Structure formats: C-alpha cells, structure tokens
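Visitor: Coordinates for the following, if possible.
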Amino acid sequence: MSLNKKQRLQILSTVRKRVLGNHFNVAGIDYTNWSKVFDDRSAGLVDGDLPQFEAGIQALLQELQSSHTGFYNERPSRLFSQHTINATLATFEDDADKRWYFLDVFEDGPAHKVGIKPGDVLHKVDGLACLSPTQPPFRTGCTHVLSVSGARGEDGREVSLVIPKVKGNKNLPPILPPKSIVHSVLSPGVGLVRITWFPGSMGLEFAQSLDAAIADLKAKNCERLIVDLRGNIGGGLGFARLASYLCPGEVVIGYSVTPKRLRKGLRTADLEHVRYPSSKLGFAKTLTRFALRDKSIFLMTQGLGKQPFHGRTAILVNHWTNSAAEMLASFASENKLATIIGAKTAGNVLGAVNFKAGAGYFLRLPIFGWYTTKGNCVEGNGVIPDLAVGVDPYRLNAGVDEQMIAANELVSSLP
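Guide: Numbering: from 1, shown residues only. A predicted model of the protein is given here:
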C-alpha cells in the first residue's frame, strides 16, 4: 500500500480538524501548542515513507494524553495480543531477562485453541526473542509460530497460531472479538460469570446473554456471585445491564460529559437522568430524544429487583481491565455493591468513536468523559481494588488462580 502527497495532506487535515473539533480534553492539553507542533511536523510526514507517516501521526495523537486515541488502517498488519490472539501478557518481575508470560487466556480464542494456558512463558514469535518492555505485536490474517514453555521452562514447544483477518470500520476498531461471556458454577452456591468484553454499542444481545447466564446460575441455586472482568477490553452500553443486576432499584451509574458541555460550563444538576433501555424500541426512543441534544447525561440502572447474590458479590479486575469494565467496577466500588479483588485497573475510561480519515484510515478519538456519581474521574487513575491480590505465574501455570481463590473464599464467608 502507498499514499500519494495529496492523500497524505488530506489525512493530516482531517486528523487536525477532528482533534480540534471533537477530542475530549481530559488532560487539559493546550491545543494552540499542539496545533503548532502538528503543523511543524506535517511537512516531514508528507515526505517520509509510509511507516514514518503512520508512526508520526500516532506520536502526535499520543501527545493528547488520552486513552481511546489512535490512527489505524482498516486492514491493520500489527496489533497487540489482547485484540488478536485473545490473551493478555505480563512479565516475570523476578526474571533478569523480563520474560513475558500469558496472564488471561480467553476461551475459544486463538491462544486457547492451541493449548496455551495462563502462566505459560512466551519466548519467541516467528523466531524472534520477546523481552519486556516491548510487547510483541501480531499480524492479522496470518499464522505465527510461537515458542512457549511452562513457567519453569518445562514442556518447551512451538505452536502455530492462526489469526483471522481483522478489518476495522467506523463502528469498531480492528480487533478480533473474544467470546464475550462464559458462566459456570465455581463451587456449591457460588456462580462465576467471566466477561471479556461488552459487544455492541447498545449491548442488547449481550444483555440477553447475561440474562440467560444469571437465570441459569440462579436455577442452580447460586446465591453468591463472582464477576471476572480481568483482561476485559471494554465495549458498549451492555455494562449497564450488568450494573443493573448489582442493585435492586434505579441507581445512577455515572455520568458522561461532552466537550461542548464543558465549554459551556458543567452543572451536573442540569444533566438529565436516562435509564438504560431494555428493548430496541426503547433505544430508538432514547436516541431520538438525544439526536439533536448534547449527550451529557446521568446513566441509570434498570431496577431489576432484589437478587439472591446481593451483598455476596465479588468482582475480579487487573491492569488489563479497561473502559466499560472500569465503569462497572467503579460503580460497584463507590456504591459498595461488590468487593473488588485483584490489581488496579488500566484507567482507560473515555467514550470514543471512529472517524474516517481517508484512504482506508480511521481516527479514533474520545468524544466524552466519564465520571462516577461522586464526580471522580477513572481515566488515568484506574479502580483500586478493595482487596489487592497478586499473581504468582508459577502457581498460575499449575492451575492455582490466587485471585479467584480469594474471591471464592470471600463470597463464601459472607452471611
């Protein structure tokens, strides 16, 4: 693929215009200075090679200091593990070489299908050594050969990992969606729901899947619940359905704020309260109401009534828990609806959309901020667990999930 000078100038113009017109400035960036830097670098980006052009725009966007910000082609060649092989990576802190090991491995994803399990060590990708802090990217639409072993170096092997083609669009960044929800009975009376992402901008199908999972667990006499959000990549409004299951009545989950409302001066008392709809018709009516309005609102739960696991719920998080999953965790933590267990979350909590930038490229920008009911901003801060529990990769590789054990022990001990 190549881009001529006219195409590059058009892309640069679109990126600049969209940032100045739509970007949610959570970090308080001086746009005048940013624009000057942008203009100064543009000439070099127009004349450089294609990788330099793409990397240069990415570097300019990084200076906005916000999550959910990126520049990508609709047919990306290199992405990170969470979005491609459906697994997250962490490092051995006591290893002199800082090797990567697999932390979260999502069911039915490419890594899971070839037998990779949590705690396995990643030594090489296509013959090249993988050392921290550079996380190995993966190409889509191809097969990678991974050299892996157990945590102690045993069971060394090579696996061929097939990654399907991934195409980004204006609705979804270029990711290979993991299986969104898996549930099971963890121990007598304790139900487990693992959610790796919240698919769909409105989340109606996810809400139906969650309803079925909760109904099945209640039918199996589960009166205690563990929600596993470790590695969750975020997603859409379906998280509000899960939030609705955590409390009996209609409760404020948090509120969104657009750049327009910030420029006018934010008064939270003026924000409208909107209950998460439960049907396509409800969504249509809500969208119609706000089509021509500023979309700064308080988002409410649905009032699903008392659940048997209320007061006996734990939520698992880690540093790969992102976006909508952090909105859910912060809501549960602030309202004391569940005990948060694990490690501090990523702190990537902004509402974003994708804009066409031309020549098959998209610009992803945050267009609204998200705040908790008390006005706390999770972006850049993350959600701190009530009970911090670390991960021992050796024990994890042996099948001992200490965070899950802690959650099971806690909910089982509650009256």
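Visitor: ok, L3 touching F53?
Guide: Yes: using Cβ atoms under 8 Å, L3 is in contact with F53, at 6.8 Å. C-beta coordinates here come from the backbone N, C-alpha and C atoms, glycine included.
Visitor: pretty sure H183 is in a helix, no?
Guide: No: looking at H183 with DSSP: H, G, I helix; E, B strand; the rest coil, it is strand, so not inside a helix.
Visitor: ok, and the closest non-adjacent residue to it?
Guide: A213 (4.0 Å; Cβ to Cβ, 6 or more residues apart in numbering).
Visitor: Name the helix or strand for the one you found, please.
Guide: Per DSSP states H and E: A213 is located in helix 204-219.
Visitor: Next secondary structure element downstream of that helix?
Guide: In N-to-C order, the element after helix 204-219 by DSSP H and E is strand 224-228.
Visitor: what does the helix or strand just after that following strand rub up against?
Guide: Following strand 224-228 in sequence order, the next helix or strand is helix 239-245 (DSSP H and E). Applying Cβ atoms under 8 Å, 6 or more residues apart in numbering, the contact partners of helix 239-245 are 195, 198, 203, 206-207, 210-211, 214, 227, 253, 276, 299, 301-304, 307, 324-325, 327-328, 331-332.
Visitor: For L387, which residues are in contact?
Guide: With Cβ under 8 Å, 6+ apart, L387 has these contacts: 339-341, 406, 410.
Visitor: what about 10 Å?
Guide: Residues near L387 by Cβ atoms under 10 Å, 6 or more residues apart in numbering: 314, 339-342, 403, 406-407, 410.
Visitor: Ok, D386 next?
Guide: Counting by Cβ under 10 Å, 6+ apart, D386 has contacts 314-315, 332-333, 336, 338-342, 410.
Visitor: Next step: those restricted to helices.
Guide: Among the contacts of D386, the members found in helices (DSSP state H) are 332-333, 410.
Visitor: Just name the closest of those residues to D30, please.
Guide: Set against D30, the nearest of the ones in helices among the contacts of D386 by Cβ to Cβ is S333 (33.1 Å).
Visitor: Just the endpoints, please. Distance across stretch 17-36?
Guide: 13 Å (Cα to Cα, to the nearest Å).
Visitor: Would you mark the buried spots in that stretch?
Guide: Neighbour counts over stretch 17-36 (16 or more other Cβ atoms under 10 Å) mark 18-19, 22-26, 34 as buried.
Visitor: show me what contacts D155?
Guide: Residues in contact with D155 (Cβ under 10 Å, 6+ apart) are 115, 120, 148-149, 397.
Visitor: what's the pLDDT at it?
Guide: Per-residue pLDDT puts D155 at 91.
Visitor: what do you get for R293?
Guide: 65.
Visitor: do C130 as well
Guide: Looking at C130, the pLDDT reads 88.
Visitor: List the single closest residue to it in space, sequence neighbours excluded.
Guide: With Cβ to Cβ, 6+ apart, the residue lying closest to C130 is P136, at 4.6 Å.
Visitor: I'd say that neighbour and S147 touch.
Guide: No: P136 is not in contact with S147 according to Cβ atoms under 10 Å; the separation is 11.3 Å.
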